[in-house]
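Student: just the structure for this:
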Amino acid sequence: AGSILSVIVTPNSIGVGSSGSVCGLFGAKIAEALCRSRESKKNSQKELSHAILCEQFGSTLCSVILILVFSFIPYVDWAAHMGGLMGGFVVGLMIFSLKVKTFRWKIGMFAFGFLFAVIGFSTGVLHMIQETKAGVAQEMEDVCGYYMNYFPDYECNCMLGRHQEQDDGDE
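Tutor: So this is what the prediction gives:
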């Protein structure tokens with residue numbers, strides 16, 4: 001998810017590293033804390049478990065805030081961080097909602113995660129496919145135009161149909 005958002009937001013740059021996937025793990029941890037917060041606190045062991053969960057949630061949230069603050073310095077791919085965080089959260093919501101005891105919350109959280117995962121991933125992939133097709137055609141037009149200017153006998157295969165249509169229109 002981080003790479004998808006990175007490609008959409010900054011299509012002409014190269015991103016390297018694993019920080020987007022680490023942010024995805026943080027997003028999944030936040031989803032786990034959200035899902036487990038629905039557990040009952042009937043005995044002392046459950047209360048202790050809930051207190052530990054709150055501590056983990058606080059430290060995870062602090063880490064996420066620090067990562068997001070430092071994501072906006074030069075040469076850091078903030079889109080990969082945000083996409084990883086969102087992708088990890090929705091996938092984590094789907095996974096950890098299965099352990100929720102209340103059926104209504106289980107279905108609600110899973111449906112929310114599934115809906116946003118499908119919408120986010122399909123929108124991102126469709127956007128990348130459409131942009132790639134348009135971008136490649138534009139780049140090839142520039143390349144073919146360059147060669148045609150300097151080599152009069154050059155015949156561009158990628159635009160052969162277009163040039164034949166133009167030649168037919170000139171006659």
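Student: other SSEs contacting the lengthiest helix in the chain?
Tutor: Across the chain, the longest stretch assigned as helix under DSSP state H is helix 103-150. Judged by 3 or more C-beta pairs under 8 Å, 6 or more residues apart in numbering; DSSP states H and E, the packing partners of helix 103-150 are helix 2-9, helix 19-36, helix 78-97. Quick note: C-beta positions are derived from backbone N, CA and C, even for glycine.
Student: lowest mean pLDDT across the ones you listed, which one is that?
Tutor: For the helices and strands packed on helix 103-150, the weakest mean pLDDT is recorded on helix 2-9, namely a mean of 78.
Student: what packs against that helix?
Tutor: Helix 2-9 packs on helix 19-36, helix 78-97, helix 103-150, going by 3+ C-beta pairs under 8 Å, 6+ apart.
Student: follow-up on the earlier one: point out the most buried one among the helices and strands packed on helix 103-150.
Tutor: Here the criterion is mean neighbour count by mean count of other C-beta atoms under 10 Å, and of the helices and strands packed on helix 103-150 the winner is helix 78-97, at a mean of 23.
Student: now that helix and helix 2-9, what's the angle there?
Tutor: In terms of direction (axes from the mean of the first three to the mean of the last three C-alpha atoms, to 10 degrees), helix 78-97 departs from helix 2-9 by 140 degrees.
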